[in-house]
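Undergrad: how does the following fold in three dimensions:
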Amino acid sequence: MNELLQHYRRLRDQVDQLAGRLETIHRDAMQCKQGCTHCCVNLTVWPVEFFAIAEDLGAAGIKPVFDPTAACGFLKDGLCQIYAFRPIICRTHGLPLVYLDDEQDEPAYGVTFCEKNFQDADDPAFGPDNTLDMDAVNQALAHLQAAFVETPQTLSFARDANGRIALKLLARAANT
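TA: Numbering: from 1, shown residues only. As a prediction, this is how the structure comes out:
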């Protein structure tokens with residue numbers, strides 16, 4: 001299990017590197033900055049991600065408090081309490097993300113990004129050098145989850161119908 005959590009951390013580091021490069025490329029068109037909480041919501045994550053984050057919070061001595069009335073319960077005074085260890089999806093919010101749209105007659109790639117970004121850009125040109133392929137990231141994450149061997153300790157956390165764990169349960173995991 002520990003090895004898979006390390007693989008997750010390496011994936012998270014790779015996403016951070018790619019996100020940092022994209023933030024530099026698109027800095028003039030991005031409105032996402034510290035204190036922006038537009039995309040922050042209560043999420044669910046795969047168990048491999050949940051337990052890596054919980055372990056990281058514990059090692060750092062961080063005991064987040066979850067506010068169920070907030071858009072994301074880990075926001076406190078407009079800042080994320082788990083920011084250093086936040087899920088991959090939180091690391092990519094706002095960036096131009098490429099995904100395969102296979103719900104059309106002809107599958108095609110699309111680009112999505114926060115509605116607050118690229119407002120002043122006249123039809124921005126997106127391509128492989130200035131976007132993040134979220135299908136590849138999600139595929140890597142799904143591969144890690146498929147290999148993740150759950151223990152009795154990890155099975156004590158409730159799952160949704162898709163086998164994901166509510167991120168809000170990190171408060172319980174970090175305080176045990």
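Undergrad: starting at the chain centroid, how far to the helix or strand of the chain with the lowest mean pLDDT?
TA: Here the helix or strand of the chain ranked lowest by mean pLDDT, DSSP states H and E is helix 170-174, holding a mean of 82. Centre-to-centre, helix 170-174 and its host chain are 18 Å apart (Cα atoms, centre = their mean, to the nearest Å).
Undergrad: what's in contact with it?
TA: 50-51, 53-54, 57-58, 62-66, 73-74, 82, 157 (Cβ atoms under 8 Å, 6 or more residues apart in numbering). Using the backbone N, CA and C atoms, a C-beta is placed for each residue, glycine as well.
Undergrad: only alpha carbons, please: show it as PDB.
TA: Extracted C-alpha coordinates of helix 170-174, given in PDB (Å, rounded to 0.1, in the frame of the first residue of the first chain):
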ATOM      1  CA  LEU A 170     -10.200  13.700   6.100                       C
ATOM      2  CA  ALA A 171     -11.000  15.700   9.200                       C
ATOM      3  CA  ARG A 172     -11.900  12.300  10.900                       C
ATOM      4  CA  ALA A 173      -8.800  10.500   9.400                       C
ATOM      5  CA  ALA A 174      -6.400  13.300  10.400                       C
END
